[in-house]
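Undergrad: got a predicted model here, sequence first, then my questions.
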Amino acid sequence: MPAVLEIEGLRKTYKSRRRGTRNALDGFDMRVEAGQVHGFLGPNGSGKTTTLRTLLGLIRPNGGRMALLGHEVPAALPTVAGQVGAIVESPQFFPHFSARDTLSLLAGAGDVPATRIDEVLELVGLRDRAGERVKTYSLGMKQRLAVASALLKNPKLLILDEPANGLDPGGIREMRTLMRNLAESGMTVVLSSHILGEIQLICDSVTIISLGRRVAFGPVEQVLAQHSSGAVRVRLEAVTDLPVATEALTGAEIRVTGHPDHLMLTGVDKPATVTRLLAERGLYVSELAPVAVDLESVFLELTATAPVPGQHRQVDQSATVGGAGQPGATGGGWGA
Amino acid sequence: MSLYRTELRRLAKRRFSRWMTVLGLLVLATVMIGVFFSNQKIDASALAKAERQAEQQYQEQVRWSEQERLACERAKTDGTVDPNRFPADCSVITPPPREAIESRWFLPSTFDFRENFGFTLLPFAAILALVGFVVGASFVGAEWSTGGMMNLLLWRPKRLTVLLAKLSALLTGVLAVALPAAVLWFGGFWLVAVYRGSTEKVTSGVWQSFALTGLRGIVLALLMATVGFALASLGRHTAMALGGAIAVMVVGQFGLAILLDMAGVRFAEAWLLPTYAVAWMQKKVTLEDWEACNATFTGECRPATFDVTWQQSSVLLGVGLVVILGAALWAMRRRDIS
């Protein structure tokens, strides 16, 4: 599949006499293929918004290469801007204009036909409130307006930074359906979000960034599989048999963690080995289940941002690829 | 072109632009109405009344000097003369000559178009310039502070084109208000002169001079709108321009004026910006140094003078405009937008 968005070795450094030098982006790579819904994840201050702003020409990079829809940016941004809809960070609009005025002015600036305004207002559910001033809108309504503004151009690539922020549960579900429908219609969607459950549900692939570097990327299932612990949970018909089972499994060099009503096994190549070993001792399994990981646990592991009791993690305390004592790089399906 | 038209629409839609324009026009209308009601047409009866008042005052002077002369002579006879009150020779106490009390002093105020209209163009330009500055600053400052500029740049990622399209729309808007306002100003004061004064001796040369002054006033308004716009764009907030203007006026002008005065600098006003604005409008401002004496052949002592011309003003204003607008364009091109 052709790449709609390509970033290679992107660097952005902020220099301050007082605070010294900070690498917001430190050789960041990213690739999004056409027709996908791609999740862009990272802890606060990891460089997500800086990446999007740089990609959209708002920030000048210090190095690296970027391309949108096959065109090198920022040089070709004026050419591709009409095909890229984006909202970056929280929705920001002139508060005294109505939603319709706001979209009308954007449509005017972008040579978009006025009929498209009603289409997007309908799409995001703001049709009946379009005449009201934006300052009277809730955060969720502003978010809907932001998505409407990004959809106004009927773009080939849609970049949304935290689109579900402030939405009610119904709105989150509507947004999820909208993203899927857009992707099915051929639009490529890049979503930056902290609602990892949503990302796992709607995204085909993800990129995880930490301290300005990519720490994981690839199809969601692949990233999850690569970070699966391979743990297996075993329950027996009789709880009193757990010590015997522990002895049998340990003897076969399987690591066992005992719990009051079950055992957690790691280092199991094939679950069939477990049933065979236990059956040999006359023990019968009532549950044998591989323990699945979710995106949130992978994210917390990769970025080293899981909360630790008694510690207050600071914003920049997270992991980067190859950092000392940190998880290594995670390979994905796209190489590089 | 679509961007320029869109920005014109945005300017017209903004409540602040509308209200500031209405406020500015109301102030101008108030000035004109005030001039209308504080002036009268001079007819024969007004002239006769003034003549009577002048004669009355002359008679009062005659009576008063006669009383004083008699009091002086009485004091001399009694030997109680006060040298601080009366002269040595009481006969020198005489009334002023009749012609010294002019009847025109007692005429009501009248609006002579040829004599007075030129002075009204200064407040006209000042009010337009103030409205232009504030609207210009708000037009781009609010866009920066509310994120509108960032949204626009996501649609049109040509920074200079976007900023210059906004500036062009602003200047078009200022011109669209200033030109009809100028026509109304000229027409309104012509009517004031017709009904409350005189339109005599208004030759084509006078019209040409007024037209050029009015044109310079509109240029001043455009320039101030551009400066407000550029300062707000540099600071990415309306308050940057307004704060900057207040700082320049308070620290740079009042403070500087006090400092120059204390230092005894000659022609201190030559260092103050309003002098150049006035010189731009009135073609020339002559500063005087009363500490210096240039003796004339009659023995009269005249102060040293220094002329600030509109050409000098145009150089200063032009350089200032280029520096401030250039800095705003440079910042727009170079700085990260977050």
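TA: Okay, I see it.
Undergrad: from here on, just use CA atoms for contacts and neighbour counts.
TA: OK.
Undergrad: kindly report the domain assignment for chain A.
TA: Per automatic domain parsing, the domain ranges recorded for chain A read A:3-225, A:229-290.
Undergrad: right, is the first one up against chain B?
TA: Yes. When contact is scored as CA under 8 Å from any CA of the partner chain, part of domain A:3-225 falls within range of chain B: A:53, A:56-60, A:77-78, A:81-82, A:85-87, A:92-97, A:105-106, A:108-111.
Undergrad: that domain - what's its average pLDDT?
TA: The pLDDT scores in domain A:3-225 average 88.
Undergrad: list the contacts for the residue of the stretch 151-300 of chain A found nearest chain B?
TA: Proximity of the stretch 151-300 of chain A to chain B (CA to the nearest CA) peaks at A:K153, 9.0 Å away. Counting by CA atoms under 8 Å, 6 or more residues apart in numbering or on different chains, A:K153 touches A:G82, A:Q83, A:V84, A:G85, A:A107, A:G110, A:V112.
Undergrad: run the last query once more with 10 Å
TA: Neighbour list for A:K153: A:81-86, A:106-107, A:110-113, A:116-117, A:120, B:155 [criterion: CA atoms under 10 Å, 6 or more residues apart in numbering or on different chains].
Undergrad: what kind of secondary structure is it in?
TA: Three-state call for A:K153 (DSSP: H, G, I helix; E, B strand; the rest coil): coil.
Undergrad: and the residues of domain A:3-225 next to chain B, which of them are in strands?
TA: A:G85, A:A86, A:I87 (DSSP state E).
Undergrad: and the one helix or strand B:W330 maps to, what does it pack against?
TA: For B:W330, the host element (DSSP states H and E) is helix B:310-334. Contact analysis of helix B:310-334 by 3 or more CA pairs under 10 Å, 6 or more residues apart in numbering or on different chains; DSSP states H and E lists helix B:159-196, helix B:204-235, helix B:273-282, strand B:284-295 as its packing neighbours.
Undergrad: what angle sits between it and strand B:284-295?
TA: Angle of helix B:310-334 versus strand B:284-295, following axes from the mean of the first three to the mean of the last three CA atoms, to 10 degrees, is 130 degrees.
Undergrad: ok, and what's touching helix B:310-334?
TA: Helix B:310-334 is touched from outside by A:59-60, B:158-160, B:162-164, B:216, B:220, B:223-224, B:226-236, B:273, B:275-285, with contacts defined as CA under 10 Å, 6+ apart.
Undergrad: relative to B:A193, which of the ones in strands among the residues of domain A:3-225 next to chain B is nearest.
TA: Closest approach to B:A193 among those (CA to CA): A:I87, at 59.4 Å.
Undergrad: could you give me the PyMOL syntax to select whichever of the contacts of A:K153 are buried?
TA: In PyMOL, this line selects whichever of these come out buried by 16 or more other CA atoms under 10 Å in any protein chain shown:
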select buried, (chain A and resi 81+82+83+84+85+86+106+107+110+111+112+116+117+120) or (chain B and resi 155)
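Undergrad: quick one: neighbours of B:S103, just the number.
TA: 18 (other CA atoms under 10 Å in any protein chain shown).
Undergrad: could you measure from it over to chain A?
TA: Look at B:S103 and chain A: by CA to the nearest CA, to the nearest Å, they are 60 Å apart.
Undergrad: ok, now B:A46?
TA: For B:A46, the distance to chain A equals 56 Å [CA to the nearest CA].
Undergrad: can you dump the C-alpha coordinates of the lengthiest helix in chain A into PDB?
TA: Secondary structure of chain A per DSSP state H: the longest helix is helix A:169-184. Output of helix A:169-184 as PDB, limited to C-alpha atoms (Å, rounded to 0.1, in the frame of the first residue of the first chain):
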ATOM      1  CA  PRO A 169     -20.200   8.600  25.700                       C
ATOM      2  CA  GLY A 170     -22.700   8.800  22.900                       C
ATOM      3  CA  GLY A 171     -20.400  11.300  21.100                       C
ATOM      4  CA  ILE A 172     -17.400   9.100  21.500                       C
ATOM      5  CA  ARG A 173     -19.300   6.200  19.900                       C
ATOM      6  CA  GLU A 174     -20.500   8.500  17.100                       C
ATOM      7  CA  MET A 175     -17.000   9.700  16.500                       C
ATOM      8  CA  ARG A 176     -15.700   6.100  16.400                       C
ATOM      9  CA  THR A 177     -18.400   5.200  13.800                       C
ATOM     10  CA  LEU A 178     -17.600   8.300  11.900                       C
ATOM     11  CA  MET A 179     -13.900   7.400  11.800                       C
ATOM     12  CA  ARG A 180     -14.600   3.900  10.600                       C
ATOM     13  CA  ASN A 181     -17.000   5.200   7.900                       C
ATOM     14  CA  LEU A 182     -14.500   7.700   6.700                       C
ATOM     15  CA  ALA A 183     -11.800   5.100   6.500                       C
ATOM     16  CA  GLU A 184     -14.200   2.800   4.600                       C
END
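Undergrad: which other helices and strands contact that helix?
TA: Contact here means 3+ CA pairs under 10 Å, 6+ apart; on that basis helix A:169-184 packs against strand A:37-41, helix A:115-124, helix A:139-151, strand A:157-161, strand A:188-192, helix A:196-202.
Undergrad: how about the ones you listed, which one is nearest A:V274?
TA: When the helices and strands packed on helix A:169-184 are compared by CA to CA, helix A:196-202 sits nearest A:V274, at 30.6 Å.
Undergrad: buried residues, that closest one. List them.
TA: Burial within helix A:196-202, assessed by neighbour count using 16+ other CA under 10 Å, is assigned to A:L196, A:E198, A:I199, A:Q200, A:I202.
Undergrad: which residue is the nearest non-sequential neighbour of residue 213?
TA: All of this refers to chain A. A:F28 (4.7 Å; CA to CA, 6 or more residues apart in numbering or on different chains).
Undergrad: my bad, chain B
TA: Leaving aside its sequence neighbours, B:T213 sits nearest to B:M281 (CA to CA, 6+ apart; 6.0 Å).
Undergrad: sec struct for the nearest residue to B:A165 once chain neighbours are set aside, please.
TA: Excluding its sequence neighbours, the residue lying closest to B:A165 (CA to CA, 6+ apart) is B:Y4, at 5.1 Å. Under the three-state scheme (three-state DSSP), the conformation of B:Y4 reads as helix.
Undergrad: can you pull the buried residues of stretch A:153-172?
TA: For stretch A:153-172, using 16+ other CA under 10 Å, the buried residues are A:153-167, A:171-172.
Undergrad: apologies, that question was intended for stretch B:253-265.
TA: By neighbour count on 16+ other CA under 10 Å, the buried set for stretch B:253-265 is B:Q253, B:L256, B:A257, B:L260.
Undergrad: which among those gets closest to A:Q36?
TA: B:Q253 (61.6 Å).
Undergrad: quick one: least confident helix or strand in chain B?
TA: strand B:284-295 (a mean of 79; mean pLDDT, DSSP states H and E).
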